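Visitor: Fold the following.
(2 chains)
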Number of protein chains: 2
Amino acid sequence: MTNFASRALKIEEQKLSLLDQTLLPHEERWLLMDSEEDLIEAIQSLRVRGAPLIGVAAAVFLQLQKDAGLKPEKLNSMALKIREARPTAVNLMICVDQFLSGVSGEQILFEDVDLCNKIGIHGAKVIEPGDNVLTHCNTGGLATVGIGTALGVIETAHKQNKKIHVFVDETRPLLQGGRLTAWELGKSNIPYTLTCDNMAGTLMRSGRVQKILVGADRIAQNGDFANKVGTYSVAVLARHHNVPFYVCAPYTTIDLKISQGEEIEIEMRKKEEVHGITGALGSYLWAPKDSPVFNPAFDVTPSELVTGYILDNGLFTREEFLKAFKK
Amino acid sequence: MTNFASRALKIEEQKLSLLDQTLLPHEERWLLMDSEEDLIEAIQSLRVRGAPLIGVAAAVFLQLQKDAGLKPEKLNSMALKIREARPTAVNLMICVDQFLSGVSGEQILFEDVDLCNKIGIHGAKVIEPGDNVLTHCNTGGLATVGIGTALGVIETAHKQNKKIHVFVDETRPLLQGGRLTAWELGKSNIPYTLTCDNMAGTLMRSGRVQKILVGADRIAQNGDFANKVGTYSVAVLARHHNVPFYVCAPYTTIDLKISQGEEIEIEMRKKEEVHGITGALGSYLWAPKDSPVFNPAFDVTPSELVTGYILDNGLFTREEFLKAFKK
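Guide: Model (predicted):
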């Protein structure tokens, strides 16, 4: 493969490196993916994260193994192991399947850049000048190879000089908003305000939020979708306050094999994540050590709460989405 | 004054000591309140917190100054300074005013214990055996002198052997749920599960929450109330999922001078609280240093979202509350 570098993924001399996102924004450390174990560990520990980026990283890694002459059976079993690293985001499964059916890692990589650009262009149409846009989790250049999904729309609208401002949910427990989205918006000079997840309601009540944009980890045929935990609460609050709520995703996030959100497996994660924070500066665990926790990584938002789907092939209302994808 | 000790307030040899709650659960350090500056600093830094406890601590401190022979004019100007330490919770103002009108600090102290017990007894009636109760922030023996408000109801229902289980919102940014409520429930052997604020929605959607109990920092005549930020989002989610939502408070939380929630001043706090966490283990700031933040300490929930008010003099539906308090 040719050399390549995005915000969080690098290919140099036939080796894949990933930015360790658990250390951001304090430290920018790149990790060489020497083996499938390295990659699986990086995915499971969220060193590499973001549904589209995980899918592309897997395809690129497999392509590099193939180029290095790994035998088809070995490549196949390696692919199936990587495919199961995390259960909720479908992009990993879809990208591995594409690779196994003959699509090259390089093609999958550059397609992601293209998909993000298209999402950005379609999505920017719903953004009006001066909008305050609220977003949850991280959906930017750290979550994709391209400019991002929801954050790609924000980036595009900003470049169109729409003078937008972004409210960033910090997104407990892993703080992808507070650590990553804040960092990315700062890099792009887009005005933003960081806030705790539980403050989104009072922001909406005061009329300070005009649009909500989120990403997705898996979308079912009926438009129900899984995304970072907390998305569902934001969607309920959006409905209560009549704030338009959009889901931004490439086609690789749509799982045509499942009819509704209930079928999406939700990954449950370890209690230490809720007990505190672990990152470049070490660990700070504030809860009593023996506290039992409830810690789903994702939640499912029913399509009834979605104003529109911003996909690479256009903007879909819920009805249009159902017409296009429901079997 | 006689010697006295509760979970977070101690009177020993005519001196007031307060437990430094910013250090919990890692360290139990008591702070001697030598001067009004000590007390104001403790209130503003949330070393002492909880609307009822702040009010009692102020009254006790003033009584001790009076007992020590401080002149009336000096006592008066000291009282007015302390009264303004934090703007949202009305208990501080009401307790200082009671003291200035001649009620002794000792009387205010023991009344709080009594008020909590009464709230507990009235509130336990709404709890059914086996209920899963969700709560936000901390409203227990650390927030009052007695058994608490919302957590006092939980404590009472638990003692009645109702076999309840509590879901604890961690309550960003200062983590009163994750640090304090978890610690108190552990001390009382009440089964609980700690969760991030943004997970309450998915818990309710799955049918795992039967009741929601919260405290209040100020209740207006029309039943609108201010409480720890995030309470409003919980109330909207409760309404969306038809989960009964109760506010638990003593009469000292009701501000008969204001007609509606819009009149409550909301304290805005510093950005470092959202940038990370500071406590007994030092500071861990994870957000980019220059991130602008939105950090209100409280939000206002309109009475339309309240199922009932659990007060020291009984359980009130919204209609009953309006009949009793609206001028």
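Visitor: all helices for the stretch 101-250 of chain A, in order.
Guide: If DSSP state H, counting those that start in this stretch is used as the criterion, the helices of the stretch 101-250 of chain A fall at A:105-124, A:150-159, A:182-187, A:200-205, A:231-240.
Visitor: will you turn these into JSON lines that also has mean pLDDT and distance to B:L281?
Guide: Any C-beta I mention is one placed from the backbone N, CA and C, and that applies to glycine too. Output for those, formatted as JSON lines (pLDDT from 0 to 100; distance: least, CB to CB, whole Å):
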{"stretch": "helix A:105-124", "mean pLDDT": "98", "distance to B:L281": "40"}
{"stretch": "helix A:150-159", "mean pLDDT": "98", "distance to B:L281": "32"}
{"stretch": "helix A:182-187", "mean pLDDT": "97", "distance to B:L281": "23"}
{"stretch": "helix A:200-205", "mean pLDDT": "98", "distance to B:L281": "28"}
{"stretch": "helix A:231-240", "mean pLDDT": "98", "distance to B:L281": "29"}
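Visitor: okay, the ones you listed in TSV with mean neighbour count next?
Guide: Formatted as TSV, the helices of the stretch 101-250 of chain A follow (neighbours: other CB atoms under 10 Å in any protein chain shown):
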stretch	mean neighbour count
helix A:105-124	21
helix A:150-159	26
helix A:182-187	22
helix A:200-205	24
helix A:231-240	26
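Visitor: Dump those into a markdown table; add distance to B:L311 as well.
Guide: As requested, these are arranged in a markdown table below (distance: least, CB to CB, whole Å):
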| stretch | distance to B:L311 |
| --- | --- |
| helix A:105-124 | 49 |
| helix A:150-159 | 44 |
| helix A:182-187 | 42 |
| helix A:200-205 | 25 |
| helix A:231-240 | 27 |
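Visitor: Figure out which of those is closest to B:N295.
Guide: In terms of CB to CB, the element of these nearest to B:N295 is helix A:200-205, at 11.0 Å.
Visitor: for the closest one, the distance to its chain's centre please.
Guide: For helix A:200-205, the separation from the chain centroid amounts to 24 Å (computed by CA atoms, centre = their mean, to the nearest Å).
Visitor: Does anything pack onto that helix? Which helices or strands?
Guide: With contacts taken as 3 or more CB pairs under 8 Å, 6 or more residues apart in numbering or on different chains; DSSP states H and E, helix A:200-205 sits against strand A:132-135, strand A:165-169, helix A:231-240, helix B:231-240, strand B:298-301.
Visitor: counting contacts, what elements does the last one pack onto?
Guide: Contact analysis of strand B:298-301 by 3+ CB pairs under 8 Å, 6+ apart lists helix A:200-205, strand B:225-228, helix B:231-240 as its packing neighbours.
Visitor: To B:E12, which of these lies closest?
Guide: Among these, the nearest to B:E12 by CB to CB is strand B:225-228 (30.4 Å).
Visitor: what about that closest one and chain A, touching?
Guide: No: if you take CB under 8 Å from any CB of the partner chain as the test, strand B:225-228 misses chain A, and the best it gets is 8.7 Å.
Visitor: Pull up the pairing partners for that strand, direction included.
Guide: Sheet pairing here is set by DSSP bridges, and for strand B:225-228 it gives strand B:218-219 (antiparallel), strand B:298-301 (antiparallel).
Visitor: quick revisit: put together CSV for the helices and strands packed on strand B:298-301, with distance to A:R179 on each row.
Guide: Listed next are those as CSV, based on distance: least, CB to CB, whole Å:
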stretch, distance to A:R179
helix A:200-205, 18
strand B:225-228, 24
helix B:231-240, 22
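Visitor: Specify the stretch among the ones you listed that is closest to A:G141.
Guide: Proximity to A:G141 (CB to CB) singles out helix A:200-205 among those, at 23.6 Å.
Visitor: With just CA atoms, put the closest one into PDB.
Guide: Coordinates of each C-alpha in helix A:200-205 appear next as PDB, following Å, rounded to 0.1, in the frame of the first residue of the first chain:
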ATOM      1  CA  ALA A 200     -27.800  19.500  27.600                       C
ATOM      2  CA  GLY A 201     -31.400  19.600  28.900                       C
ATOM      3  CA  THR A 202     -31.100  23.000  30.500                       C
ATOM      4  CA  LEU A 203     -29.300  24.300  27.400                       C
ATOM      5  CA  MET A 204     -32.200  23.200  25.100                       C
ATOM      6  CA  ARG A 205     -34.800  24.500  27.500                       C
END
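Visitor: can you list the residues that contact it?
Guide: A:134, A:167, A:169, A:195, A:209, A:233-234, A:237-238, A:240-241, A:243, B:229-230, B:232-233, B:236, B:294, B:296, B:299-300 (CB atoms under 8 Å, 6 or more residues apart in numbering or on different chains).
Visitor: re the thing from before, for the helices and strands packed on helix A:200-205, give me a markdown table that also has distance to A:K271.
Guide: Compiled in a markdown table, those are given as follows (distance: least, CB to CB, whole Å):
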| stretch | distance to A:K271 |
| --- | --- |
| strand A:132-135 | 27 |
| strand A:165-169 | 22 |
| helix A:231-240 | 21 |
| helix B:231-240 | 22 |
| strand B:298-301 | 28 |
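Visitor: Go through these and name the closest to B:I54.
Guide: Smallest distance to B:I54 across the helices and strands packed on helix A:200-205 (CB to CB): 13.3 Å, for strand B:298-301.
Visitor: Whichever helix or strand comes after that closest one - contacts with which helices or strands?
Guide: Sequence-wise, the next helix or strand downstream of strand B:298-301 (DSSP states H and E) is strand B:308-311. Strand B:308-311 sits against helix B:105-124, strand B:245-249, strand B:314-317, helix B:318-325, with contacts defined as 3+ CB pairs under 8 Å, 6+ apart.
Visitor: Could the C-alpha coordinates of strand B:308-311 be exported in PDB?
Guide: Provided in PDB are the C-alpha atoms of strand B:308-311 (Å, rounded to 0.1, in the frame of the first residue of the first chain):
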ATOM      1  CA  GLY B 308     -45.400  14.700  43.800                       C
ATOM      2  CA  TYR B 309     -43.700  16.700  46.500                       C
ATOM      3  CA  ILE B 310     -42.600  14.800  49.600                       C
ATOM      4  CA  LEU B 311     -42.400  17.400  52.400                       C
END
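Visitor: strand partners of that strand, parallel vs antiparallel please.
Guide: Strand B:308-311 pairs in its sheet with strand B:245-249 (parallel), strand B:314-317 (antiparallel), by DSSP bridges.
Visitor: Helix B:231-240 and the longest one, what's the angle between them?
Guide: Right, the one you point to is strand B:245-249. 140 degrees (axes from the mean of the first three to the mean of the last three CA atoms, to 10 degrees).
Visitor: And the contacts of strand B:245-249?
Guide: Residues from elsewhere that reach strand B:245-249 (CB under 8 Å, 6+ apart): B:51, B:119, B:123, B:126, B:139, B:149-150, B:152-153, B:211-216, B:219, B:225, B:227, B:234-235, B:238-239, B:301, B:305-311.
Visitor: now with 6 Å?
Guide: Contacts to strand B:245-249, defined as CB atoms under 6 Å, 6 or more residues apart in numbering or on different chains, come from residues B:119, B:123, B:149-150, B:153, B:212-216, B:225, B:235, B:238, B:306-310.
Visitor: do the same with stretch A:291-310
Guide: A:88, A:119, A:122-123, A:217, A:222-226, A:229, A:231-232, A:235, A:239, A:244-248, A:261, A:264, A:266-269, A:271, A:273-274, A:315-318, A:321, B:182, B:193-195, B:202.
Visitor: Of these, just the buried ones, PyMOL syntax please.
Guide: To isolate the buried members of the contacts of stretch A:291-310 in PyMOL, using 16 or more other CB atoms under 10 Å in any protein chain shown:
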select buried, (chain A and resi 88+119+122+123+217+222+223+224+225+226+229+231+232+235+239+245+246+247+248+261+264+266+267+269+271+273+274+315+316+318+321) or (chain B and resi 182+193+194+195+202)
